[in-house]
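Participant: Sequence isn't available, so here's the structure alone:
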Ligand SMILES: [Fe+2]
């Protein structure tokens, strides 16, 4: 199945900019590219920081921009989001019994989990006992199905200095719970860090971030104060099938220097 991941769209009311980027321009360009090249996804996921300041106007804009999609859509909350404004704008997005924006989707290739790591006024992620209880049920009910996780904050240490104090504030509990799932975790898909990162946890769980659709960091692992850059609008195409999990990074507006001919091999 084909899943499109957008992340860190950081929408603002029309015309406003953030760190030198008009996030609406970036998102509209990404959506146009997705619809042109991948108009048939099974699922669109935005892994948080949907809007930069949680403005109702920005959520209304997001709804309008996403309206051409006919596939299932799951929107996750990031630290920049505002839960009340989000739930008012997207009342149909599934939530758990405690009101957290958490849900699952069963597919022929395992169970997808969509987690809510938003804590009002906190930049890092929160995954508290109520949310862990939901996760325990979702993993328990998954049975023999392998699980793929979507969440805004990485539940792993990124190793990036700027994020040292704003990672998941859960003492590693979320990752520990995931590691207990007998059928395995295919992948953890996240955003938040505004740089592309891929890795494997000490317990063997693969993870990666999508690049932000809006502003990005110039990759600098050691600087607590790295530079922002506008870059190009980005998204990922995720394929989940009988061969496992693959994520392809896509960037809109790259300079084309030459065309490659077909490779006949060997
Ligand atoms: Fe972000």
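Facilitator: That came through, no problem. Treat the numbers as computed from the prediction; the structure is a model and nothing was measured.
Participant: drop to CA atoms for contacts and neighbour counts, all remaining ones
Facilitator: OK.
Participant: Please enumerate the helices of this structure.
Facilitator: For the chain, the helices defined by DSSP state H cover 23-37, 56-66, 83-89, 129-142, 173-179.
Participant: Adding distance to residue 109 and mean pLDDT, write these out as TSV.
Facilitator: What follows is the helices of the chain, written out as TSV (distance: least, Cα to Cα, whole Å; pLDDT from 0 to 100):
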stretch	distance to residue 109	mean pLDDT
helix 23-37	23	98
helix 56-66	26	98
helix 83-89	29	98
helix 129-142	12	98
helix 173-179	17	98
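Participant: Could you say which one of those comes nearest to the ion?
Facilitator: The ion lies closest to helix 23-37 among the helices of the chain, at 11.5 Å (Cα to the ion).
Participant: outside of the closest one, which residues touch it?
Facilitator: Contact with helix 23-37 is made by 9-12, 14-15, 17, 65-66, 69, 213-215, 232-235, 252, as judged by Cα atoms under 8 Å, 6 or more residues apart in numbering.
Participant: residues from the stretch 1-150 of the chain in reach of the ion?
Facilitator: Applying Cα under 5 Å from the ion, one finds that the stretch 1-150 of the chain approaches the ion through residue 8.
Participant: which stretches of the chain have low pLDDT?
Facilitator: By pLDDT under 70, the chain contains no weakly predicted segment.
Participant: and the residue nearest the centre of the chain, what does it touch?
Facilitator: The centre of the chain sits closest to residue 47, judged by Cα atoms, centre = their mean, with a distance of 2.3 Å. Residues counted as contacts of residue 47 (Cα under 8 Å, 6+ apart) are 5-8, 75-78, 150-152, 190-191.
Participant: and it, what are its bridge partners?
Facilitator: Residue 47 forms beta bridges with residue 76, as assigned by DSSP bridges.
Participant: related to what we said a few turns ago, for PyMOL, write the selection for the buried entries among the contacts of residue 47.
Facilitator: Buried residues within the contacts of residue 47, by 16 or more other Cα atoms under 10 Å, are selected in PyMOL with:
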select buried, resi 5+6+7+8+75+76+77+78+150+151+152+190+191
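Participant: mind listing which of the contacts of residue 47 are in strands?
Facilitator: Using DSSP state E, the subset of the contacts of residue 47 located in strands is 5, 6, 75, 76, 150, 190.
Participant: rewinding a little: can I get the helices of the chain in TSV including mean neighbour count and distance to residue 247?
Facilitator: TSV is the format used below for the helices of the chain (neighbours: other Cα atoms under 10 Å; distance: least, Cα to Cα, whole Å):
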stretch	mean neighbour count	distance to residue 247
helix 23-37	19	15
helix 56-66	18	21
helix 83-89	17	27
helix 129-142	16	23
helix 173-179	16	20
